[in-house]
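S.K.: Could you look at this predicted model? Sequence included:
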Protein chains: 2
Amino acid sequence: LFLSPQPILYSYFRSSCSWRVRIALALKNIDYETVAINLTKDGGQQFSGEFQALNPMKQVPALKIDGITIGQSLAIIEYLEETRPTPRLLPWDPKKRAQVRMVSDLIASGIQPLQNLSVLKQVGQENQLTWAQQAITSGFNALEQILQSTAGRYCVGDEVSPSPGRLRLPPSPPETQPFKVDLTPYPTISRINKSLLALEAFHVSHPCRQPDTPPELRA
Amino acid sequence: LFLSPQPILYSYFRSSCSWRVRIALALKNIDYETVAINLTKDGGQQFSGEFQALNPMKQVPALKIDGITIGQSLAIIEYLEETRPTPRLLPWDPKKRAQVRMVSDLIASGIQPLQNLSVLKQVGQENQLTWAQQAITSGFNALEQILQSTAGRYCVGDEVSPSPGRLRLPPSPPETQPFKVDLTPYPTISRINKSLLALEAFHVSHPCRQPDTPPELRA
């Protein structure tokens, strides 16, 4: 019932929030079709009337699934978790689940909104770098401190096996690389990021491996 | 077990995110103690070493409960829902739950982060009003369109009875009033906001009725 027809993910290869959903889909072994929404081409394909009708936020990702369209990456992931519970993405323990959600919300509300394309455009070319660095370092200072008490191999939890239940940190490179953020003060974030990138689900969903990744950025 | 000792909410009377958690606590009839964190006094009490140790994000709200401290308003609400399931805040239907979370995330990630105090400070005094108006109207345009398809009496759902399961829109006045946003283009948002403000849980948790509300703003 749930698996037919195939879900459609509206995605942009470099969007961190799209990557987050692609990771969840991969961890849960859900087949899906990608419709690429290029955020810079044609003045931004997310502003087309057709896409706006689908997601009034004019943002990716959006997932068409089970007859509805869901916007907002964390809302999508919670829906996948509720309707396709295995393998689990969230720990069983409500306290650990709260920690996972706190870390996810910190990233999704506290870091990412301040450095998305439309905000950077509003900030203006000459101030973009300082602005983005400030948003990231302020968020990462908090994140590093929180993870030092919650993390094991992954963000929350200390199991050596790469249990999907411990994940949900969006990998940092797409956020930090363009803004030249020094990761030295963030040993926990760096270590977890490295562990995550080694996982198959992170590999297949990586920005350099998507249907809309330009040839020169493929790897 | 869960109810002892009493939860402590670190809150600021005018913070919309704090209000959101106060509403959830009121809807679930959970007694709690308020510790006021004044975001403007003493250069911002959220920056004190003591508070930073508690919530590295240096933001309110934070809830100390069941031996852990949770930051991020939506993570707090999900935890309350999982550990104190009645009365429910989320609908039973996973699709409706997804819509509630999409609306909540849209507000918490798409609107609020762009107009919090620290961001407005960075934007600079002369640009603050335009910046905040732009963030709110862009978010409200999307929200109005989404709510027109999901809303009944409240954000998601069409039951006439004020079922707590249909709530979770943070009331708009604290967001819109200081920035003089014209609400005329948002009839659905305005109507829902009015219905919500009539509820007891919204009334008791209102910014003008908190322990830290200054006398001249009390009502």
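M.R.: Perfect, I can see it now. Numbering: from 1, shown residues only, chains lettered A, B, ... in the order given.
S.K.: Mark out where each domain of chain A begins and ends.
M.R.: Using automatic domain parsing, the domains assigned to chain A come out as A:8-87+A:204-217, A:94-199.
S.K.: Restricting to C-alpha, output stretch A:108-120 in PDB.
M.R.: Extracted C-alpha coordinates of stretch A:108-120, given in PDB (Å, rounded to 0.1, in the frame of the first residue of the first chain):
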ATOM      1  CA  ALA A 108      17.600  23.000  11.300                       C
ATOM      2  CA  SER A 109      16.500  26.100  13.200                       C
ATOM      3  CA  GLY A 110      19.600  27.500  14.700                       C
ATOM      4  CA  ILE A 111      22.200  27.200  12.000                       C
ATOM      5  CA  GLN A 112      20.800  26.400   8.500                       C
ATOM      6  CA  PRO A 113      18.100  29.100   8.100                       C
ATOM      7  CA  LEU A 114      20.700  31.800   8.600                       C
ATOM      8  CA  GLN A 115      22.800  30.700   5.700                       C
ATOM      9  CA  ASN A 116      20.400  29.600   3.100                       C
ATOM     10  CA  LEU A 117      20.600  31.200  -0.400                       C
ATOM     11  CA  SER A 118      17.700  33.700   0.000                       C
ATOM     12  CA  VAL A 119      19.000  35.000   3.300                       C
ATOM     13  CA  LEU A 120      22.600  35.400   2.000                       C
END
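S.K.: if you go through chain A in chain order, where are the strands?
M.R.: Along chain A, the stretches classed as strands by DSSP state E are A:8-11, A:33-36, A:62-65, A:68-71.
S.K.: Determine the longest helix present in chain A.
M.R.: Ranked by number of residues, the top helix in chain A under DSSP state H is helix A:128-150.
S.K.: Check the burial of A:W19 by counting its neighbours.
M.R.: 24 (other Cβ atoms under 10 Å in any protein chain shown). C-betas here are computed from N, CA, C, even on glycine.
S.K.: Quick check: it vs chain B, distance?
M.R.: Distance, A:W19 to chain B, using Cβ to the nearest Cβ, to the nearest Å: 16 Å.
S.K.: Tell me the pLDDT of that residue.
M.R.: Here, the pLDDT recorded for A:W19 equals 91.
S.K.: Okay, buried residues for stretch A:207-219 please.
M.R.: A:207, A:210, A:212-213 (16 or more other Cβ atoms under 10 Å in any protein chain shown).
S.K.: starting at the chain centroid, how far to that stretch?
M.R.: For stretch A:207-219, the separation from the chain centroid amounts to 17 Å (computed by Cα atoms, centre = their mean, to the nearest Å).
S.K.: how about it as PDB, C-alpha atoms only?
M.R.: In PDB, the C-alpha atoms belonging to stretch A:207-219 read as follows (Å, rounded to 0.1, in the frame of the first residue of the first chain):
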ATOM      1  CA  PRO A 207      25.700  15.700  -3.100                       C
ATOM      2  CA  CYS A 208      28.400  14.600  -5.500                       C
ATOM      3  CA  ARG A 209      26.400  11.500  -6.400                       C
ATOM      4  CA  GLN A 210      22.900  12.700  -7.400                       C
ATOM      5  CA  PRO A 211      21.100  12.700 -10.700                       C
ATOM      6  CA  ASP A 212      21.400  16.500 -10.800                       C
ATOM      7  CA  THR A 213      25.000  16.700  -9.800                       C
ATOM      8  CA  PRO A 214      26.900  18.500 -12.600                       C
ATOM      9  CA  PRO A 215      29.600  16.300 -14.200                       C
ATOM     10  CA  GLU A 216      32.500  18.400 -12.900                       C
ATOM     11  CA  LEU A 217      31.400  17.900  -9.300                       C
ATOM     12  CA  ARG A 218      30.700  14.200  -9.500                       C
ATOM     13  CA  ALA A 219      32.800  11.900  -7.500                       C
END
